[in-house]
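Visitor: This is a predicted model, with the sequence first.
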Amino acid sequence: VTVDNLDEATLLVLGKIAPELPVPIEKIYVQSYAESIYFYILNQPEELWKQRVMVFDYAYRGLSVYGMHINERTQPVVAFMDENYFLDFKSPEDMYPNMSESDRDLRMDEKMLQTMKECIDRYVISSVYLIGDGLEGD
């Protein structure tokens with residue numbers, strides 16, 4: 001089970017419903033989005049995560065940006081996951097209610113591009129992932 005915010009309240013709710021699931025309780029694992037992204041990235045070919053990896057997750061809650069990088073100068077090697085949230089990313093209809101759909105899409109593309117540039121420009125990047133319901137379609 002992957003959740004946005006892995007806090008005590010979420011764990012209590014999941015603990016109550018877990019026995020009702022058709023899965024043995026010892027097979028249930030709970031993790032945050034950041035942890036899920038971390039494990040996904042590390043299971044990709046090394047050349048995809050040798051430098052910083054950026055993940056842009058655009059969904060109902062806004063735009064979440066995860067940046068993962070490896071510090072090979074330490075022993076053991078340490079991986080870091082940065083998380084940033086851009087809550088001003090709402091649905092295009094909410095942000096630009098008086099525009100046509102094509103104009104809204106263009107505005108959202110421009111806003112996304114500008115935000116991505118701000119997040120990426122200062123790093124050497126190995127890969128970028130775009131995920132989330134807000135990025136579905138064309």
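Guide: Looks like it arrived, so ask away.

Visitor: Contacts for stretch 58-75, please.
Guide: 4, 33-34, 37-38, 41, 49-57, 77-91, 112, 115, 119, 123, 130-135 (C-beta atoms under 8 Å, 6 or more residues apart in numbering). Yep, even glycine has a C-beta here, placed from its N, CA and C like the rest.

Visitor: what's the first-to-last distance across that stretch?
Guide: 35 Å (C-alpha to C-alpha, to the nearest Å).

Visitor: got the buried residues for that stretch?
Guide: 58, 63-70 (16 or more other C-beta atoms under 10 Å).

Visitor: Check stretch 41-51 too.
Guide: Buried, per 16+ other C-beta under 10 Å, within stretch 41-51: 41, 49.

Visitor: Looking at the buried residues of stretch 58-75, which one is closest to residue 106?
Guide: The nearest member of these to residue 106, counting by C-beta to C-beta, is residue 58 at 15.8 Å.

Visitor: what pairs with that closest one across the strands?
Guide: residue 63 (DSSP bridges).
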